[in-house]
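*Asks:* mind looking at a prediction? Sequence and model below.
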Amino acid sequence: MQVEATSEAALVRQLAVHTFPHGYFYYVTGTIGVKKDPSNTDEHFIRKYKLADSWGEKQRFLRKRDGLANLRYYRFERTWILCWTDGDHWIWNSKKEGGEDGYFSDIRNKEEPLVFRGRYEMVLVYGTNGKPHTRVGIPKRQLDALDAYFTSIATRRSQSQLEYQIRNLVYEPYRQVWSELRSILWRVNRKRKAAGLPMIPLNTVRTRKTKARVFDPDGIDHYSEDVPDEELTEFLGSRAA
């Protein structure tokens, strides 16, 4: 049973596209301590919650038919998340809704969206057709830090330097993420225009998501995660401190 994702981007897509919209509304997430072996944590969850019982498509169908909850567990590096559906399961007796200290959260709760690894914010919403989809954005604190960084260097970097930094941001271009990054770019261009500097093309914010298989290590295809922007990383770290 494969539970370790190949990349953050792959796991976010797995959650946003293949998990939350399919009835896995409830979740608990956490971080594994530095002195613990993540593979031992995986085995613990698999045994404790009998995840093999709801792993295959046939097993999930039979459990749903019988009114039982299905569960899914994923991990990337030291971040793990356990999700489950409506239905009978002893997990309801061990978790209470609230979002901390062993409590579970509901991905449909717009007041308390899932902030995943501090980089993505997710909430399940329903479209005009009644079908659910996961709205993925950037957490406000992180978004404000990005905005402060790029507007501070808007007139102090060349066009090519800014294009490179923006194009290689690690954020996957989900609709809301794309819109938020375009808004930052618009403010950067407003400052550059006032200074008589060339504009940054709007298509600098990429529109294609990273191609990466969830559990196949040979499928990793990072953009800037392979060569992180050290200056931006240092700036965001100082803002979070």
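*Replies:* Perfect, I can see it now.
*Asks:* residues touching the longest helix seen in the chain, excluding its own?
*Replies:* Counting by DSSP state H, the longest helix found in the chain is helix 175-194. By CB atoms under 8 Å, 6 or more residues apart in numbering, the residues outside helix 175-194 that reach it are 120, 135-138, 143, 146-147, 150-151, 154-155, 162, 166, 169, 171, 173, 198-200, 202, 204-205, 207. All C-beta atoms are positioned from the backbone trio N, CA, C, and that covers glycine.
*Asks:* and that helix, which residues are buried?
*Replies:* Neighbour counts over helix 175-194 (16 or more other CB atoms under 10 Å) mark 176-178, 180-181, 184-185, 188-189, 192 as buried.
*Asks:* quick one: which two of those are the most distant?
*Replies:* Spatial extent of these (CB to CB) is set by the pair 176 and 192 at 24.8 Å.
*Asks:* what number of residues lie near the nearest residue to residue 23 once chain neighbours are set aside?
*Replies:* Spatial nearest neighbour of residue 23, excluding adjacent residues (CB to CB, 6 or more residues apart in numbering): residue 85 at 4.4 Å. By other CB atoms under 10 Å, 20 other residues sit near residue 85.
*Asks:* for residue 39, same thing?
*Replies:* 12.
*Asks:* same check on residue 208?
*Replies:* Counted by other CB under 10 Å, the residues lying close to residue 208 total 8.
*Asks:* how about the one 3 residues further on?
*Replies:* Neighbouring residues of residue 211 were enumerated by other CB under 10 Å; the total is 10.
*Asks:* looking at this, it is in a strand?
*Replies:* No - secondary structure of residue 211 (DSSP: H, G, I helix; E, B strand; the rest coil): coil, not part of a strand.
*Asks:* test my guess that residue 19 contacts residue 71.
*Replies:* No - under the criterion of CB atoms under 8 Å, residue 19 is not in contact with residue 71, lying 10.8 Å apart.
*Asks:* helix or strand: which one has the closest residue to residue 216 other than its chain neighbours?
*Replies:* If the residues on either side of it in the chain are set aside, residue 216 comes closest to residue 6, at 6.4 Å by CB to CB, 6+ apart. Using DSSP states H and E, residue 6 is not contained in any helix or strand.
*Asks:* so is residue 2 in a helix, a strand, or just coil?
*Replies:* When classified by three-state DSSP, residue 2 comes out as coil.
*Asks:* that one against residue 213, yeah?
*Replies:* No - contact criterion CB under 8 Å: residue 2 and residue 213 do not qualify, at 10.3 Å.
*Asks:* these two: which is more packed in?
*Replies:* For residue 2 versus residue 213, neighbours defined as other CB under 10 Å are more numerous around residue 213 (14 against 11).
*Asks:* run through the protein and note the low-pLDDT ranges.
*Replies:* 95-102, 217-241 (pLDDT under 70).
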